[in-house]
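**Q** I'll drop the sequence and a predicted model, then ask my questions.
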Amino acid sequence: MSLSDRLGGLESRPLPGGLTLLVAGDRRTRRRGLAHLDADALPAGHALLFERCRSVHTIGMRFALDLVWLDGPGAVVRVDRSVGPRRVRTCRRARRVVEAAAGDGERFAAALAEDLPERSPPALAPPAPGRDHGDGQGRDARRR
């Protein structure tokens, strides 16, 4: 199945397992999303990614969605399964969301987890001078 005219020009990102993320990168695409499309407009193994997104609605949807919520680095924080039309879903911990056809959410969650690069703990910035660093040698120690 080929992509519909609306989805055909979107940036695509391959994922493990032959899955593909289509990126809703501009305002128009973000606003329209998958609304008013038939289920066959989104080929099997494809989903729509919304960056900088914590809330979605399914007004105008003609098929149920699985929503895969991702945090800043891209780790899966939640999967909402079979969200029907005329619903609103929010995830405060999320920074982006993947809209997949109902039943595909777990496959995308697993592929995204596999694709996530190994994350190392963030580097700590050196402490500011004159501040108490918990060793009793900072500003608070000088006041005593």
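**A** Cool, got the structure. Numbering: from 1, shown residues only.
**Q** using the three-state scheme, assign the nearest residue to Arg32 once chain neighbours are set aside.
**A** Beyond its immediate neighbours in the sequence, the residue positioned closest to Arg32 (CB to CB, 6 or more residues apart in numbering) is Arg6, lying 6.9 Å away. All C-beta atoms are positioned from the backbone trio N, CA, C, and that covers glycine. Here Arg6 is recorded as helix under DSSP: H, G, I helix; E, B strand; the rest coil.
**Q** do Leu112 as well
**A** helix.
**Q** is it true that it touches Pro14?
**A** No. Applying CB atoms under 8 Å, one finds Leu112 not in contact with Pro14, separated by 12.0 Å.
**Q** so between these two, which is more surrounded?
**A** Leu112 (21 against 11; other CB atoms under 10 Å).
**Q** surely the residue nearest to Arg32 and Arg31 touch.
**A** No. Checked against CB under 8 Å, the pair Arg6 and Arg31 is beyond contact range at 11.7 Å.
**Q** follow-up on the earlier one: got the contact list for the residue nearest to Arg32?
**A** 29, 32, 37, 41 (CB atoms under 8 Å, 6 or more residues apart in numbering).
**Q** which stretches of the protein form strands?
**A** Secondary structure of the chain by DSSP state E: the strands cover 11-15, 19-23, 46-51, 55-57, 65-70, 76-83, 88-90, 96-101.
**Q** how about those in TSV, adding distance to Leu116 and mean pLDDT?
**A** TSV is the format used below for the strands of the chain (distance: least, CB to CB, whole Å; pLDDT from 0 to 100):
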stretch	distance to Leu116	mean pLDDT
strand 11-15	11	95
strand 19-23	13	96
strand 46-51	14	96
strand 55-57	21	96
strand 65-70	9	97
strand 76-83	9	97
strand 88-90	22	97
strand 96-101	13	97
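**Q** most tightly packed of these?
**A** Across the strands of the chain, averaging neighbours per residue (mean count of other CB atoms under 10 Å) puts strand 65-70 on top, at a mean of 26.
**Q** what packs against that one?
**A** strand 76-83, strand 96-101, helix 105-115 (3 or more CB pairs under 8 Å, 6 or more residues apart in numbering; DSSP states H and E).
**Q** what's next to it, contact-wise?
**A** 34, 47, 56, 58, 76-83, 89, 91, 93-106, 108-109, 112.
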